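Asker: kindly return the folded structure for what I paste below:
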Amino acid sequence: MTWPARLLAAYPPSWRARYGDELDQLVEDLCGHGRMPTALAGDLLRGAALAWVTGGRFQMTERPKRALITVLWNWVAFAATAAWFGHDLAVYPTAGEAEHIALVHQGVPDSFHVLQAAGAAGVAATAVAGALFAIGAARYALRNRRPGLLALMAVPPVVAAAWLGGLQLVPHATGTAGSLGAAVGWLLLGVAGIAGSTQAVVTVVRSAEFGERTWRAGAAAGVIVTAAMVVATGATISWGLIERASQIHPGDAGGWLIVVTIMAVTTVRAVIALIGARWIAVEDKPVAA
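Answerer: Got it, this is the predicted structure:
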């Protein structure tokens, strides 16, 4: 076998099973008739890329479905923790301390901006994929007369509206035991609402049938979200290390360590889920090299 023929390994397995022998013979014939190996290698690599990208339909098996659901659960926990952390930064350190830290150590505001950008990218990817899945689930529910799925789809917006609306009725924390208890109770109720909404979304994803484009969008969103989690976790670690090194009396690091731990654990779980998934492309026709 000539060395360009070894590049056939870059083609999808199902494509090689159907057309590998023919293309292998073609490569041998071209090399025997004086075709330049480097030019032939370039053609083979371009053909392999086309075979993976446009060679056929995308088949979602149970394993990658579970991987996306795992990413979703970990992303929800990650995003809630990151949002709480970002809100907490608005009150600590104080404005004067923050200005001094920013002047002495530019890495502190830079890390926070990276955290914000990564979070925005993850939220945007989730919103786009969520809209596509919602449209697909609604069509499936209407076509198959599944009103239960429509009810489950309504859970996240209803819960969010109820929690935000009730937030206006919760007394502001004034230092008293009653106001503090009410605030903590409402926060825990919000966490329960997030968990319930996520479970409703997972049930819809498992019960409905979606098209190829929707699953491709879900896979892309899973990769983007996981990458955003990796970047945001690194930024949070950098922020804490630089911020603490810039202060003479940095104080207790318990809160930051808890945040970093949750973010790191959820990120690792999402990465492992994506790595362990199996994305299968089934080709319907050959792609010319």
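
Asker: pLDDT value on residue 12, please?
Answerer: On pLDDT, residue 12 comes in at 76.

Asker: output the contacting helices and strands for the longest helix seen in the chain.
Answerer: Scanning the chain for the longest helix, with DSSP state H as the assignment, gives helix 107-143. Other helices and strands packing on helix 107-143, by 3 or more C-beta pairs under 8 Å, 6 or more residues apart in numbering; DSSP states H and E, are helix 62-89, helix 95-104, helix 147-153, helix 177-207, helix 212-245. Any C-beta I mention is one placed from the backbone N, CA and C, and that applies to glycine too.

Asker: if you average pLDDT over each of the ones you listed, which is lowest?
Answerer: Lowest mean pLDDT within the helices and strands packed on helix 107-143: helix 95-104, a mean of 55.

Asker: contacts only, for the most centrally placed residue in the chain.
Answerer: For the chain, the residue sitting closest to the mean C-alpha position, by C-alpha atoms, centre = their mean, is residue 225 at 2.2 Å. Applying C-beta atoms under 8 Å, 6 or more residues apart in numbering to residue 225 gives the contacts 71, 75, 122, 125, 126, 270.

Asker: what is the burial count for the first one?
Answerer: Taking other C-beta atoms under 10 Å as the neighbour definition, residue 71 ends up with a count of 26.

Asker: that one touches residue 272, doesn't it?
Answerer: No - under the criterion of C-beta atoms under 8 Å, residue 71 is not in contact with residue 272, lying 10.0 Å apart.

Asker: so what sits against both of these two?
Answerer: Residues touching both residue 71 and residue 272 by C-beta under 8 Å, 6+ apart: none at all.

Asker: quick revisit: by neighbours, which of the contacts of residue 225 wins?
Answerer: Result: residue 270 is most packed of the contacts of residue 225 (other C-beta under 10 Å), 28 neighbours.

Asker: residue contacts, it?
Answerer: 70, 71, 74, 75, 78, 222, 225, 226, 229.

Asker: distance to residue 85 for the residues you listed - can I get that in CSV?
Answerer: Shown next, in CSV, are the contacts of residue 270 (distance: C-beta to C-beta, whole Å):
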residue, distance to residue 85
70, 22
71, 20
74, 16
75, 15
78, 10
222, 23
225, 17
226, 19
229, 13
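
Asker: how about stretch 26-36: buried residues?
Answerer: Of the residues in stretch 26-36, 27, 30, 31 count as buried by neighbour count, 16 or more other C-beta atoms under 10 Å.

Asker: what's the burial count for the closest residue to the first one other than its chain neighbours?
Answerer: Right, the one you point to is residue 27. In space, and not counting its chain neighbours, residue 27 is closest to residue 5: 4.6 Å by C-beta to C-beta, 6 or more residues apart in numbering. Residues lying near residue 5 (other C-beta under 10 Å) number 21.

Asker: which one of the contacts of residue 270 is nearest residue 21?
Answerer: Nearest to residue 21 among those: residue 222, at 35.5 Å, using C-beta to C-beta.

Asker: quick one, what contacts that closest one?
Answerer: Residue 222 neighbours (C-beta under 8 Å, 6+ apart): 67, 68, 71, 270, 274.

Asker: kindly report the same for residue 202.
Answerer: Residues near residue 202 by C-beta under 8 Å, 6+ apart: 69, 72, 73.

Asker: now residue 227: how far from residue 221?
Answerer: Applying C-beta to C-beta, to the nearest Å, the value for residue 227 to residue 221 is 11 Å.

Asker: higher neighbour count, these two?
Answerer: For residue 227 versus residue 221, the count of surrounding residues by other C-beta under 10 Å is larger for residue 221: 24 against 18.

Asker: in space, what's closest to the more buried one - neighbours in sequence excluded?
Answerer: Closest to residue 221 by C-beta to C-beta, 6+ apart is residue 129, at 3.6 Å.

Asker: quick check: that neighbour touching residue 216?
Answerer: No - counting by C-beta under 8 Å, residue 129 stays clear of residue 216, with 9.8 Å between them.

Asker: tell me which of the two has more neighbours.
Answerer: Between residue 129 and residue 216, counted using other C-beta under 10 Å, the more crowded position is residue 129 (23 against 15).

Asker: what's that one in contact with, if anything?
Answerer: 217, 218, 220, 221.

Asker: max pairwise distance over the residues you listed: which two?
Answerer: 218 and 220 (7.3 Å).

Asker: the two: who's more crowded?
Answerer: Using other C-beta under 10 Å as the criterion, residue 218 and residue 220 rank with residue 218 on top: 25 against 13.
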